[in-house]
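Trainee: no FASTA, just this:
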């Protein structure tokens, strides 16, 4: 139940609700289904502030889900430039996506492409 609330707070961008709920969670890196972690959900939904909070709480920025997707890959695919910037600031691994494509080829956003090339 707590995980569902956390996911809801992340999906809706409720930072205060998230901070209150995550303080009761023992491990921010726990698998919440198919290898996904809270940081994957935050990357999917473009919640850069929550990503930064999770990283400060010890979230693994290079965690791969059951499909081999990292939070950075998810943020790139979804076009969330602020999330990409936060993940790169904390040195997320820039590697090929699980399908073998270069991450720059996984987005139409020139802003994201420029960040990935730095």
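Mentor: Right, received. Where do you want to start? Predicted, not measured: the structure shown is a model, and the values here were computed from it. Numbers count the residues shown, from 1 in each chain.
Trainee: buried residues in stretch 48-58, which are they?
Mentor: By 16 or more other Cβ atoms under 10 Å, the buried positions in stretch 48-58 come out as 48, 50-55, 57. Using the backbone N, CA and C atoms, a C-beta is placed for each residue, glycine as well.
Trainee: same question for stretch 63-73.
Mentor: 63-65, 69-73.
Trainee: widest-spaced pair of these?
Mentor: 65 and 72 (12.1 Å; Cβ to Cβ).
Trainee: which residues does stretch 96-107 contact?
Mentor: 67-69, 72-73, 76-77, 79, 94-95, 113, 116-117 (Cβ atoms under 8 Å, 6 or more residues apart in numbering).
Trainee: where is pLDDT lowest across the residues you listed?
Mentor: Among the contacts of stretch 96-107, residue 95 has the lowest pLDDT, at 81.
Trainee: tell me what the lengthiest helix in the chain is packed against?
Mentor: Criterion DSSP state H: the longest helix present in the chain is helix 2-12. For helix 2-12, the packing partners by 3 or more Cβ pairs under 8 Å, 6 or more residues apart in numbering; DSSP states H and E come out as helix 15-22, helix 38-44.
Trainee: please flag which of the buried residues of stretch 63-73 sit within helices.
Mentor: Among the buried residues of stretch 63-73, the members that lie in helices (by DSSP H) are 71-73.
Trainee: ok, the buried residues of stretch 63-73 vs residue 89, which is closest?
Mentor: Taking Cβ to Cβ as the measure, residue 89 lies nearest residue 72 of the buried residues of stretch 63-73, at 11.2 Å.
Trainee: circling back: export the buried residues of stretch 48-58 to TSV and tack on distance to residue 28, pLDDT and secondary structure?
Mentor: Formatted as TSV, the buried residues of stretch 48-58 follow (distance: Cβ to Cβ, whole Å; pLDDT from 0 to 100; DSSP: H, G, I helix; E, B strand; the rest coil):
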residue	distance to residue 28	pLDDT	secondary structure
48	16	98	helix
50	11	97	helix
51	11	98	helix
52	12	97	helix
53	9	96	helix
54	6	96	helix
55	9	97	helix
57	5	95	coil
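Trainee: flag the shaky bits of this structure, pLDDT-wise.
Mentor: Scanning the chain with the threshold set as pLDDT under 70 gives 1.
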